[in-house]
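Q: Sequence plus predicted model, see below.
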Amino acid sequence: MTLTKAMIIDAIHNQLGFPKNTSAELLEIVLELVKSALERDEDVLISGFGKFCVKNKKSRRGRNPATGDDMTLEKRRVVTFRCSHLLREKINGK
């Protein structure tokens with residue numbers, strides 16, 4: 001099952017007792033902070049969870065899988081995530 005924004009809002013509402021509209025605003029503020037930091041090429045480190053980073057990808061040769069035609073993939077920026085060792089241990093049951 002996928003965790004959705006609505007589920008996070010419900011959890012904030014249930015666990016902290018905030019009204020749902022306030023819970024939604026809190027989540028939106030946090031997500032906007034993360035997005036704006038990544039947009040400025042800043043890393044986002046959440047202790048005990050992980051680190052979001054922006055990496056630059058160079059342009060490279062590729063191919064269209066549908067037609068097999070060669071093409072050039074433009075340079076771009078991608079967001080990567082590295083989980084913390086605490087999260088990794090929790091996921092692996094240690």
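A: Arrived safely, thanks for sending.

Q: According to the record, where do the domains of this structure fall?
A: The chain resolves into domains spanning 1-40, 43-94 when parsed by automatic domain parsing.

Q: From the chain's centroid, how far away is the first one?
A: Pointing back at domain 1-40 there. 13 Å (C-alpha atoms, centre = their mean, to the nearest Å).

Q: what does the helix or strand containing Asn56 contact?
A: Element membership of Asn56, judged by DSSP states H and E, is strand 50-57. Strand 50-57 is contacted by residues 34, 38, 41, 43-45, 75-84, 87 when judged by C-beta atoms under 8 Å, 6 or more residues apart in numbering. In this view, the C-beta of every residue, glycine as well, is placed from N, C-alpha and C.

Q: With just CA atoms, put it into PDB.
A: Extracted C-alpha coordinates of strand 50-57, given in PDB (Å, rounded to 0.1, in the frame of the first residue of the first chain):
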ATOM      1  CA  GLY A  50      17.700  10.300   5.300                       C
ATOM      2  CA  LYS A  51      19.100  12.900   3.000                       C
ATOM      3  CA  PHE A  52      17.700  14.300  -0.300                       C
ATOM      4  CA  CYS A  53      20.200  15.700  -2.700                       C
ATOM      5  CA  VAL A  54      20.100  17.200  -6.200                       C
ATOM      6  CA  LYS A  55      22.500  15.700  -8.700                       C
ATOM      7  CA  ASN A  56      23.400  17.000 -12.200                       C
ATOM      8  CA  LYS A  57      23.200  14.400 -15.000                       C
END
